[in-house]
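Chemist: 3D model of this:
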Amino acid sequence: MANWLLNEGPKWTLIGCWLAVNIALFIKTYLSYMAEEYIYLRLIVGHGLPFARSSAFLINVNSLLVLLPVCRNLISILRGTSTCCTRVRRQLDRNLTVHKYLAYFICFLSIIHVAAHCYNFERFVQAHHSKDGLIQTLTNLKDGPNPITDPNTDSIRELFKYIAGVTGIVLTISLVLIVTSSTNFIRRSYFEIFWFTHHLFVAYYTAVLLHGIQGVIQSQSNVDAHKPEKCMDKWENGWGTEQCPLPEFIGKPAASWKWVLGPVILYLLERCIRFYRNLQPVTISKVIKHPSRVIELQLKKRGFHSEVGQYVFLHCPSISHLEWHPFTLTSCPEDEDLKIHIRVIGDWTSALAKALGVDSEEQPENLPQLAVDGPFGTASEDVFQYPVVLLVGAGIGITPFASVLKSIWYKFNNKEVTLNLVKVYLYWVSPDTMAFEWFADLLKTLERQMIEKQMPELLEYNIYLTRGWDANQARNIVLNEENVYDVVTNLRHKTHYGRPNWDQIFSAMASTHHANKVGVFFCGPKSLSKTLRQMCNTHSSIQSSGAKFYFNKENF
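Modeler: You can find the predicted model right below:
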C-alpha cells in the first residue's frame, strides 16, 4: 500500500478533495432549497426542486473547472513557476485526463438536472388538475410559484416558451456532440470532426450564461409576513388577512455567470495569445524527407525558446484556416532551429507534405506559410530532476525523447552545467522495422560521440521489435547475429525480438540503483502505460535504502 501511495497518493488526494467539495456543495445546496421560502414551491414539485438546483450548482462549479486544464499557457506557466515537489507538480501533466473526467461528471450532473426539471414541469402541469385545494390555490395565484398558467397545455410545449428550456436543449445537444466526438477512435481517425464539434463549447457557455436569466424558479419573498407553516392550513378561509397576507413570489436571479465568467475571460486571453502567435512569422529553413513517410521540418521563429520534450501546435492557413495540430519538438533547447518530425498518415499531414513538395523532384518556389503556437510543457521537463531516468517510447511515441537525449548530451559536454543525472535507460518498443530510421540515426550519432568522449555507460538503450519481419528477414537476422552492428538498425546494441519483460527490467534496476529516485517517462498507448505504472508501484520501496520509481506520462 505504501509503495502504491508513492505514485498514486497525490492523484487520489486531489480526487478525494474534489469529490468531498462536490458532495458538500450538493448537500448544502439541497438543504438551502428545503428552507421555508420554498415550502409552497415544494408542495407542487416535491423533491424535484432541490435535486434540480443542487445539480445545477455543481454544473456551474465544474463548468468553471473544466476550462482550466485546457488553458495550455496557464498550465505551462504553473509548471515552470511551481516550486512545490515533483510529485505534486506531476499532477499538472494529467490536465487532459482531468478535463475529460470533469466533462463526464458534467454530463452525469446534466442527466440529473434534466430529469429533475422534466419531473418538475410535469408536476406544474398536473397541479392545474390537482384535487388538493392548497395546490390549486397556489397554482391559481397571480405571479405564483407555478410558471405554467394554461391548464390545457403540456410540458413539452411549455418547455419552448422559456429561455431556460431552449438553452437547456442547446446545452444538452452541445454536450452530447462534444463528448461523443471525443472518443479515441474519432480523435485519431477523424480529427477534424473532433476539432470542429469541440468548438460547440462557445454555444455551451453562451447557453449557461443565459439559462437562468428568466427566473423560472420562484421563492416566497414575504415569509416574515406570511409564515408558510402557520398560514398553509388557513387557505380555505382565504389569505389576505393581517395574520396571513397573500404570499408573494420572486424569481431567483441568474447566478451561473458568477462561476463561468472568470474562466471564460481567462480562456479568451488564452485565445488572444494564440492569435498573437499566429501573426508571428515562421521561416521554413529546411525540409528533409526521411524513410517511412516521415518528414522533418526545421523552422525559425524569432524569440522562440523551448525546454526538452515540449510540443507545439502547427497551423497551415493554405490547408485550413481553423485547424491546429499538435507535434512534439524533436529539437532541444540548445538547437538554433526548432525541429518537428511529422509522419504522413492523415489528410492534413498529406496536404502539408504535398504543399512542401516532399514527393516532388524539385522544391516548390513558394513554400506554404506556417504558424506555430507554443511551446507547451510536458512531463519530460522533469527529466533532470532524477539521478536515473528510464525513457520508454512505443512506436512513434519515441519522438519526445529525441529532444531529451540531445539535451542530455549537450549538458554533459557543457562544463558550466552541473547535472544530477548520471544514468539514462532508453527502451523503444516498435511494431515495424521501417519506423527505426530517423531515430536510429540520432542514436548512431550519440553512440559515436559517447565512445569518442569515453562515456559509453551514460546511455543504455534497448530496441524491441514486436512484429514486421518475414521468413527471409528472420534468416538474415540469424546469419548476421555475430556481426558487431545490428542488422536492422546498424547500431552496436542488438535489437530484441518480442516484448520486454518489464518485471525483470524493473527488478534489475531496483537492485542496481537502490536508494535512488528513478524517473520513468513514457509516451505511448494506454495498455503499456497501465503496465509501467503498475511496475513503478510494485518495485518502489518506501525504505530509504530502496529504489523509488516515479511514473510520468506524456499527454498532448
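Chemist: switch to C-alpha atoms for all contacts and neighbour counts from now on
Modeler: Noted.
Chemist: Apart from its neighbours in sequence, what residue is nearest Val417?
Modeler: Lys411 (6.2 Å; C-alpha to C-alpha, 6 or more residues apart in numbering).
Chemist: Assumed that neighbour was part of a strand.
Modeler: No: counting by DSSP: H, G, I helix; E, B strand; the rest coil, Lys411 is not found in a strand; it is helix.
Chemist: burial count for it?
Modeler: 14 (other C-alpha atoms under 10 Å).
Chemist: do Ser545 as well
Modeler: Counted with other C-alpha under 10 Å, the neighbours of Ser545 add up to 11.
Chemist: Against Val424, how distant is it?
Modeler: Ser545 is 21 Å from Val424, where distance means C-alpha to C-alpha, to the nearest Å.
Chemist: likewise Thr149?
Modeler: 74 Å.
Chemist: neighbour count winner among those two?
Modeler: Comparing Thr149 with Val424 by neighbour count (other C-alpha under 10 Å), the higher total belongs to Val424, at 20 against 17.
Chemist: so who does that one touch?
Modeler: 388-391, 458-460 (C-alpha atoms under 8 Å, 6 or more residues apart in numbering).
Chemist: How about the secondary structure of it?
Modeler: Here Val424 is strand, with the state taken from three-state DSSP.
Chemist: what are the bridge partners for it, then?
Modeler: Beta-bridge partners for Val424, by DSSP bridges, are Val389, Leu459.
Chemist: Report the two of the contacts of Val424 separated the most.
Modeler: Pairwise distances among the contacts of Val424 were taken by C-alpha to C-alpha; the largest, 13.3 Å, belongs to Leu391 and Leu458.
Chemist: So for those two, which residue has more residues nearby?
Modeler: Neighbours were counted for Leu391 and for Leu458 using other C-alpha under 10 Å; Leu391 has more, 23 against 17.
Chemist: State whether the more buried one and Thr399 are indeed in contact, as I suppose.
Modeler: No: checked against C-alpha atoms under 8 Å, the pair Leu391 and Thr399 is beyond contact range at 11.0 Å.
Chemist: tally of neighbours for the residue lying closest to Trp257 once chain neighbours are set aside?
Modeler: Closest residue to Trp257 apart from its sequence neighbours, by C-alpha to C-alpha, 6+ apart: Leu209 at 5.2 Å. As a burial measure, Leu209 scores 19 neighbours (other C-alpha under 10 Å).
Chemist: now the one 5 residues further on
Modeler: The number of residues packed near Gln214 is 14, by other C-alpha under 10 Å.
Chemist: Was I right to think it contacts Ala164?
Modeler: Yes: Gln214 lies in contact with Ala164 (C-alpha under 8 Å); the separation is 7.1 Å.
Chemist: secondary structure class for Tyr464?
Modeler: Assigned state for Tyr464: strand (three-state reduction, three-state DSSP).
Chemist: and it, what is it in contact with?
Modeler: Contacts of Tyr464 by C-alpha under 8 Å, 6+ apart are 427-430, 495-500.
Chemist: repeat that for 6 Å
Modeler: Applying C-alpha atoms under 6 Å, 6 or more residues apart in numbering, one finds that Tyr464 lies in contact with 429, 495-497.
Chemist: Give me the buried positions along the lengthiest helix in the chain.
Modeler: The longest helix of the chain (DSSP state H) is helix 95-127. Neighbour counts over helix 95-127 (16 or more other C-alpha atoms under 10 Å) mark 95, 98-99, 102-103, 105-107, 109-110, 112-114, 116-121, 123-127 as buried.
Chemist: Also stretch 341-357?
Modeler: Buried-residue list, stretch 341-357, by 16+ other C-alpha under 10 Å: 341-344, 348-349, 351-353, 355-357.
Chemist: Now do the phi/psi pair for Tyr550.
Modeler: Torsion angles at Tyr550 (phi, psi; degrees, to the nearest 10) stand at phi -110, psi 120.
Chemist: Oh, that last question was meant for Thr29, not what I typed.
Modeler: phi -70, psi -40.
Chemist: related to what we said a few turns ago, identify the residues contacting the following helix or strand past the longest helix of the chain?
Modeler: Going down the chain from helix 95-127, the next helix or strand is helix 133-140, by DSSP states H and E. Identification of contacts with helix 133-140 by C-alpha under 6 Å, 6+ apart yields Asn146.
Chemist: who's in contact with the very next helix or strand once past helix 133-140?
Modeler: Downstream of helix 133-140, the first helix or strand assigned by DSSP H and E is helix 155-159. With contacts defined as C-alpha under 6 Å, 6+ apart, helix 155-159 is touched by 121-122, 165.
Chemist: Mind putting those residues into JSON lines with pLDDT and distance to Gly374?
Modeler: Formatted as JSON lines, those follow (pLDDT from 0 to 100; distance: C-alpha to C-alpha, whole Å):
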{"residue": "Phe121", "pLDDT": "85", "distance to Gly374": "49"}
{"residue": "Glu122", "pLDDT": "85", "distance to Gly374": "51"}
{"residue": "Gly165", "pLDDT": "86", "distance to Gly374": "40"}
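Chemist: just those now: which is nearest Asp154?
Modeler: Asp154 has its nearest neighbour among the contacts of helix 155-159 in Glu122, at 7.9 Å by C-alpha to C-alpha.
Chemist: With adjacent residues omitted, what lies nearest to the closest one?
Modeler: Ser155 (5.8 Å).
Chemist: Can you get me a residue count around that neighbour?
Modeler: So Ser155, with other C-alpha under 10 Å, has 17 neighbours.
Chemist: mind checking how far it is from Ala116?
Modeler: Distance from Ser155 to Ala116, counting by C-alpha to C-alpha: 13 Å.
Chemist: Need the overlap of contacts for those two.
Modeler: Residues touching both Ser155 and Ala116 (C-alpha under 6 Å, 6+ apart): none.
Chemist: so Ile250 is in which element?
Modeler: Following DSSP H and E, the helix or strand that holds Ile250 is strand 249-251.
Chemist: after that strand, next one along is what?
Modeler: helix 256-279.
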